[in-house]
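Student: need a structure here:
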Amino acid sequence: MATSTQLPANAADVAAAAVGARTLVAEALSPTLVDGSVADWAHALRELQALADVVAAAQDEAIVRLAAVEPVVLETGELVETHRAPGHVALNAPAVVSGVLSVSVVHAERRVRDAVRRAADGPSGTATSTGLGGLHAAMAAGRLDAYRAQVVAAELEEVPAEVAAGVVASLDSWFDREDAARLRRRTRRVLAAISPDLLRQRAVRARAASGLRRWVDEPGVDTWLGTFPSEDACAAWAAIDTLARQYVDEGTCEHLERARAKALTDLVTSNATVDVRVQLVAPAGHHVVEDTSDASQLDDRDLVTVHGLHAGDPDLVPRGWLARATHVTAPASPVLHPTSGALTDPDDELATDAYRPGARLVALVRARDGRCRFPGCQVTARFCDLDHVLAWPLGPTNAANLACLCRRHHRVKQRPGWSVRMDEDGTLHWTGPTGAVRTTHPLDHRPLVLPARAPDPPPPPARRNAETHVHSALEFGLEHRGGTAPPVTRRCRVEVHRPARAYRVTGLHPPRQRDPFPAAPPF
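Tutor: The predicted structure is shown next:
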């Protein structure tokens, strides 16, 4: 049977081809399908992965073409779309991609940038040349997935295009047989062989860009992600680990990892003065009564929601901690919306006829929104502009017509094809160039208390050594090999003085007794 090599001519053909491929694969995977050996299903898995790689390359091509479309308003007021050269990125392109793929704005911006670097690689020596076209070609051939391609591309950040092209060409034979970690190491070795100074510059940039980020993860728990200079991290980790092991020995913490988390926060807070301020709010028509109960009588297993510990979503904290950390006598000033729980100014007491809002109105809007109100954006409200939903002076300067927008999405809102509408309770409805409507909501400030109705379940039993020193299973296995493992060479050594103590390790499993006179094998 003859096959056609003609590529789809337009976006509609691409969409139709994707629907057809998706239908074929879905029909092939019958729920009652049970035939096939391990080798057969392994082959099917590999072909499906190759199909996913090709689809990822096609998505990059689609993103490049979408980003190159620039909306322009003619003198007649007509809105037209002009197509720029591949590699051009329109201001609102990440916002459109965010809505189509249902991802955050930050993820969409990275996706657009990565797609342009791989799929819009221009001729060598031109301004649009990135040297990463080989990664896109390997993806289109079904030999490289998007994650491993991005790992290689990240290692070649800010590398000249001709050098990047040489590195990618040298890695081509390894794309279909090495995982991401090995490709990363191989990329660094090749780059160091070609230009050691480029690798040194990358290390200098990474050290200069070290930092610490924080976001809400599980209910009542934050996740931190930090990058630090190696020598500072080595010293800090030694101090944290020493204090954590002391906590475990004293019985303060059951597990070493939990003890390390407590040691980190204890070391930080013991060297700083922390002032906790609480703003009380109440539903319309209600008044806040000061709670004069003894904070020591509150159960720390009772969890209550608070805002302000983190930008955006509320946090769950122990009720006793909140009462002990704060002494609030101020009455409630903002009023909660009865259905959404958003902060409101129902009588427009804070409104003004001027363009710029007053300080109290600014504080109310920032507390109500918590973050940028564009869909998928997580920029905290204190870094945002206060934008009039309906442009001033047609729209008033009050809480019902102001919203927090980061500077980028403030500009996106003003681009052709975008419109926004605000409801009475602060809900925003965004309509983009594609006609899709996306909604963002203000923070719900209604308090939520989760009482501890039953005792907390006991923690799972931990594996201990002879001195009740707790290790995680992974750490225990890596640090103790029964004397048979070769010694570990440490390039950085930090000594922390602590009382000498002998630890005896018996191993992960009890040793098996060997028969000194094994039976002869049967004939």
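
Student: distance of residue 19 from residue 25?
Tutor: For residue 19, the distance to residue 25 under the criterion C-beta to C-beta, to the nearest Å works out to 11 Å. Where you see a C-beta, it was placed from the backbone N, CA and C, and this is true even at glycine.

Student: whoops, I mixed them up, residue 103
Tutor: As for residue 103, its distance to residue 25 is 23 Å (criterion: C-beta to C-beta).

Student: and if you look at residue 400?
Tutor: Between residue 400 and residue 25 the distance is 49 Å, computed by C-beta to C-beta.

Student: Check residue 109 too.
Tutor: In this structure, residue 109 and residue 25 are 30 Å apart, going by C-beta to C-beta.

Student: Relative to the whole chain's centre, how far out is the longest helix along the chain?
Tutor: What stands out as the longest helix in the chain, according to DSSP state H, is helix 38-67. Averaging C-alpha positions (C-alpha atoms, centre = their mean, to the nearest Å) puts helix 38-67 24 Å from its chain's average.

Student: buried stuff in it?
Tutor: Buried residues in helix 38-67, counted by 16 or more other C-beta atoms under 10 Å: 50, 53-67.

Student: Which elements pack onto that helix?
Tutor: Counting by 3 or more C-beta pairs under 8 Å, 6 or more residues apart in numbering; DSSP states H and E, the packing neighbours recorded for helix 38-67 are helix 11-28, helix 93-101, helix 105-119, helix 133-140, helix 146-155.

Student: what's the closest non-adjacent residue to residue 229?
Tutor: Nearest in space to residue 229, with sequence neighbours left out and distances taken as C-beta to C-beta, 6 or more residues apart in numbering, is residue 207 at 5.1 Å.

Student: host element of the one you found?
Tutor: When elements are assigned from DSSP states H and E, residue 207 belongs to helix 196-208.

Student: Show the average pLDDT along that helix.
Tutor: In this model, helix 196-208 has a mean pLDDT of 84.

Student: I'd say residue 226 and residue 214 touch.
Tutor: No: contact criterion C-beta atoms under 8 Å: residue 226 and residue 214 do not qualify, at 9.1 Å.

Student: does residue 437 really touch residue 427, like I thought?
Tutor: No: proximity of residue 437 to residue 427 does not meet the contact threshold set by C-beta under 8 Å, at 11.8 Å.

Student: ok, these two, which is more surrounded?
Tutor: Looking at residue 437 and residue 427 with other C-beta atoms under 10 Å, you find the greater number of neighbours at residue 427, namely 16 against 13.

Student: Which residue, other than its chain neighbours, is closest to that one?
Tutor: If you skip the residues right next to it in sequence, residue 427 has residue 441 as its closest partner in space, 5.3 Å away by C-beta to C-beta, 6+ apart.

Student: Would you check that that neighbour makes contact with residue 426?
Tutor: Yes: checked against C-beta under 8 Å, the pair residue 441 and residue 426 is within contact range at 7.4 Å.

Student: Give me the common contacts of those two.
Tutor: By the contact definition C-beta atoms under 8 Å, 6 or more residues apart in numbering, residue 441 and residue 426 are jointly contacted by 340, 342.

Student: the more surrounded of these two?
Tutor: Residue environment comparison for residue 441 versus residue 426 gives the larger neighbour count to residue 426, 24 against 15, counting by other C-beta under 10 Å.

Student: List phi and psi for the nearest residue to that one once chain neighbours are set aside.
Tutor: In this structure, residue 426 finds its nearest non-sequential neighbour in residue 442, 3.8 Å apart by C-beta to C-beta, 6+ apart. Taking degrees, to the nearest 10, you get phi -70, psi 170 for the backbone angles of residue 442.

Student: Determine the number of other residues adjacent to residue 442.
Tutor: Should you count by other C-beta under 10 Å, residue 442 turns out to have 26 residues around it.

Student: Pull the contacting residues for it.
Tutor: Residue 442 is in contact with 340, 342, 343, 368, 369, 370, 373, 425, 426, 427, counting by C-beta under 8 Å, 6+ apart.

Student: circling back: between residue 400 and residue 25, tell me which one has more neighbours.
Tutor: In this comparison of residue 400 against residue 25, neighbours counted by other C-beta under 10 Å, the higher total goes to residue 400 at 19 against 11.

Student: Help me confirm that the more buried one comes into contact with residue 424.
Tutor: Yes: the pair residue 400 / residue 424 is scored as a contact, 6.9 Å apart, by C-beta under 8 Å.

Student: Any stretches of the protein with poor pLDDT?
Tutor: 1-9, 31-34, 274-301, 304-315, 319-334, 447-523 (pLDDT under 70).

Student: Please parse it into its domains.
Tutor: Taking automatic domain parsing as the domain assignment, the ranges for the chain are 37-208, 215-269, 278-453.

Student: what's the closest of the ones you listed to residue 29?
Tutor: Judged by C-beta to C-beta, the one of these that comes nearest to residue 29 is domain 37-208, at 9.3 Å.

Student: so which of the helices and strands packed on helix 38-67 comes closest to residue 232?
Tutor: Put simply, out of the helices and strands packed on helix 38-67 the one that sits nearest residue 232 is helix 146-155, at 23.0 Å, with distance taken as C-beta to C-beta.

Student: Which other helices and strands does that closest one contact?
Tutor: Under the contact criterion of 3+ C-beta pairs under 8 Å, 6+ apart, the helices and strands touching helix 146-155 comprise helix 38-67, helix 105-119, helix 133-140, helix 180-194.

Student: and with 10 Å instead?
Tutor: In this structure, helix 146-155 packs against helix 38-67, helix 105-119, helix 133-140, helix 161-171, helix 180-194, with contacts taken as 3 or more C-beta pairs under 10 Å, 6 or more residues apart in numbering; DSSP states H and E.

Student: next helix or strand past the longest one?
Tutor: Looking back up the chat, that one is helix 38-67. strand 69-73.

Student: On the three-state scheme, the residue lying closest to residue 375 once chain neighbours are set aside is what?
Tutor: Distance criterion C-beta to C-beta, 6+ apart; nearest residue to residue 375, sequence neighbours excluded, is residue 438 at 4.2 Å. Assigned with DSSP: H, G, I helix; E, B strand; the rest coil, residue 438 falls in the strand class.

Student: contacting residues around residue 438?
Tutor: Residues in contact with residue 438, defined by C-beta atoms under 10 Å, 6 or more residues apart in numbering, are 95, 98-99, 102, 374-376, 420, 428-432.

Student: from the residues you listed, which is closest to residue 118?
Tutor: Distance ranking of the contacts of residue 438 against residue 118, using C-beta to C-beta, places residue 98 first at 19.4 Å.

Student: The residue nearest to the closest one when sequence neighbours are not counted and residue 342: what is the separation?
Tutor: If the residues on either side of it in the chain are set aside, residue 98 comes closest to residue 108, at 3.8 Å by C-beta to C-beta, 6+ apart. Residue 108 sits 26 Å away from residue 342 when distances are taken as C-beta to C-beta.

Student: One more: residue 435?
Tutor: From residue 435 over to residue 342 the distance is 27 Å, taken as C-beta to C-beta.
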